[in-house]
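return a 3D structure for these sequence lines:
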Amino acid sequence: MRSINISRTVDESKFNRFHGLVLFLCAFIIVCDGFDLVIYGSVVSVLMEEWQLTAVQAGTLGSYALIGMMCGAFIFAPLADKIGRKKVIIVCVLLFSLFTGLIGLAKNPTEFGIYRLISGLGLGGVLPITVALMTEYAPKPLRNRLVTIMMCGYSLGGIIAAGLAIFLIPKFGWESVFFVGALPLLTLPIIIKLLPESLEFLLARNKHKEIGRLLSKIDPSYTPEKNDRYESVIPKKTGITVAKLFGDGRALSTLLFWVSFFMCLLMVYGLNTWLPKLMAQAGYALGSSLMFLLVLNAGAILGSAIGGWAADRWNTKKVVICYFILGGIALTLLGTHPNTFVLYTLVAIAGATTIGTQIILYSYVSQYYPIQIRSTGLGWASGVGRIGGIVGPILGGVLLSAQLPLHLNFMVFAIPGVIAAIAIVSIREKKSPLSEVSLERSEPIEKV
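Numbering: from 1, shown residues only. Down below sits the predicted model:
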C-alpha cells in the first residue's frame, strides 16, 4: 500500500496542460466577474441623464451590486468549504450572468437596483472561491504568478466592458452592454464538465478514485493503484470555521487584512464607478472619459503581472506595501492637471496599484490561511472589503455633489492607500501548514 500526500504532489508538480486548463477556466470566470462589475461605471453618465439621477443617487445605485457582493462573499465562501467549491462556483456564475442580463430589461432605478443586488451575490461569492481553487491546484513555485494571472481577468473584463460601451451605447443604448453580460450562461455546461473539484473536499468525502484521476493529470508520472491511500497535511475540521480565522495567533492579522481590503476596494470601486464622470466633468467627451476607464484596467493587468512575478521572486507583503504607497502617490498627482501623456500614464499606474494591489492581496491572503479555512478567510476578507466597495461609489457621488476641485477628489481616494499600507506593515507573517510540511509520496506518511 502506498501513502500519497496530495498537497505535496501539487506543490512539486510541473506546470502542464491540466494546470493551464484550471487557469483558463478560473480566469474566464473572473473576466466575466470583472465585466459585470465595471459595466456600471461605463453607463453611469447615460443613466444619470436618462433617469435624472443626482450624483449621490447614482453612487448609491452603483453600490447595490457591492452590497450583494458583500453578502455573497459572507454566505458562499464558507459554504464552499462545506459542500465543495465547484458546486458553489457554478451557482454563482448562474446568478451573476442571469441577473446581469435582466438589468438590461430594467425600466426604472428600482428594478435596476434589485437585479444589480442579486447579481452581486454571485459576483461576490465567486471571486474568493475561485482564488482558493486556483491556489490549491497551482504548483508552489508559481502560486503567486498563476493567481495574479487569473485575477488579471478582472481587469480584462473591465477593458472589454469599457471598449464595448464605447461601441455599443451610441448605437444600441446602455441596455445592450448588460445583455452581453448574460452570455456566460452559454458556457455553464463546459464549466460543469471541465472544472475540477477541490482535492481536499474530495478527500474529506473519500472519493479516492476521483483523487487518483486528478493527481495523474497534475503529475503525469503518477499512476493510480487500487490500494493507494491518500492523505493530507490538513487536520480534520472541527468547530466554527469563521472562528478559526481568529485562532492560532491569527486574530490581529485577520483584522488588519479586513482593513486593507476595505481601503483597497474603496479605491477600486470608487475609481471604476466615477473615473469616467470625473473626467467628463473636467471637460472630456464621453468616449474620451471611457478611455480612461479602459487605461485604468489595462494598467491593472500590467501591474498584476509584474506584482505576481515580484511576489514569487521576493516577498508578497513588501510588494503589496509598495503598491499601496505608489497608488496613493499616483492618485494625488492625477489632480494636478498634467499633460495628456502624463495623465494617461498616471491613470495606468493608478490601475496597476489599486486594482493590481487587490489582485496581489487576494494571493497573499490565500496563502496566509491553511487550506481548510482558505475559502472562508478569503470570503470574509472580501466581504468586509465590499463594505469599502459600497462606500467608494457613494463617497464619489458625495464628492461630485460638493463640486470640489479635481485635485481634492483624487486626494480623498489616495488616503485609503496610505491606511492600507500601514495595516499590511503591521501584519504578522504566518505560513500555512501546506508550505511547511515535507513528505515523500513513495513512503508511509504520518498525518499532521
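
now do the contacts for the spatially most central residue of the chain.
Centroid-nearest residue in the chain: residue 127, 4.8 Å away (criterion: Cα atoms, centre = their mean). Neighbour list for residue 127: 30, 33, 73, 362, 382 [criterion: Cβ atoms under 8 Å, 6 or more residues apart in numbering]. To be clear about C-beta, it is placed using only N, CA and C from the backbone, and glycine gets the same treatment.

pretty sure residue 311 is in a helix, no?
Yes: residue state for residue 311 (DSSP: H, G, I helix; E, B strand; the rest coil) corresponds to a helix.

taking the contacts of residue 127 one by one, which sit in helices?
30, 33, 73, 362, 382 (DSSP state H).

report pLDDT for the third one.
If I follow you right, that is residue 73. In this model, residue 73 is scored at 79, pLDDT.

not counting its neighbours along the chain, what's nearest it?
Of all residues not flanking residue 73 in the chain, residue 383 sits nearest, at 3.6 Å (Cβ to Cβ, 6 or more residues apart in numbering).

that neighbour contacts residue 77, correct?
Yes: Residue 383 is within contact range of residue 77, at 7.4 Å (criterion: Cβ atoms under 8 Å).

returning to that earlier point: reformat the ones in helices among the contacts of residue 127 as JSON lines; add neighbour count.
Listed next are the ones in helices among the contacts of residue 127 as JSON lines, based on neighbours: other Cβ atoms under 10 Å:
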{"residue": "30", "neighbour count": "24"}
{"residue": "33", "neighbour count": "26"}
{"residue": "73", "neighbour count": "30"}
{"residue": "362", "neighbour count": "28"}
{"residue": "382", "neighbour count": "30"}
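
format those as JSON lines; extra columns: distance to residue 173.
Shown next, in JSON lines, are the ones in helices among the contacts of residue 127 (distance: Cβ to Cβ, whole Å):
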{"residue": "30", "distance to residue 173": "27"}
{"residue": "33", "distance to residue 173": "24"}
{"residue": "73", "distance to residue 173": "32"}
{"residue": "362", "distance to residue 173": "34"}
{"residue": "382", "distance to residue 173": "33"}
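
tell me which of those residues is nearest to residue 111?
Comparing the ones in helices among the contacts of residue 127 against residue 111 with Cβ to Cβ places residue 33 closest, at 22.3 Å.

OK, contacts around the closest one?
Applying Cβ under 8 Å, 6+ apart, the residues contacting residue 33 are 96, 123, 126, 127, 153, 154, 157.

moving C-terminal of the helix or strand where residue 303 lies, what's the next helix or strand?
When elements are assigned from DSSP states H and E, residue 303 belongs to helix 286-313. Heading C-terminal from helix 286-313, the first helix or strand you meet, by DSSP H and E, is helix 316-334.

what packs against that next one?
With contacts defined as 3 or more Cβ pairs under 8 Å, 6 or more residues apart in numbering; DSSP states H and E, the packing partners of helix 316-334 are helix 251-281, helix 286-313, helix 340-368, helix 406-425.

make a markdown table out of the ones you listed and add mean pLDDT and distance to residue 390.
As requested, those are exported to a markdown table (pLDDT from 0 to 100; distance: least, Cβ to Cβ, whole Å):
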| stretch | mean pLDDT | distance to residue 390 |
| --- | --- | --- |
| helix 251-281 | 83 | 8 |
| helix 286-313 | 77 | 20 |
| helix 340-368 | 83 | 15 |
| helix 406-425 | 86 | 14 |
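
tell me which of these sits nearest to residue 187.
Comparing the helices and strands packed on helix 316-334 by Cβ to Cβ, helix 286-313 comes nearest, at 21.6 Å.

still on that earlier bit, got CSV for the helices and strands packed on helix 316-334, with distance to residue 177 too?
Formatted as CSV, the helices and strands packed on helix 316-334 follow (distance: least, Cβ to Cβ, whole Å):
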stretch, distance to residue 177
helix 251-281, 13
helix 286-313, 11
helix 340-368, 20
helix 406-425, 25
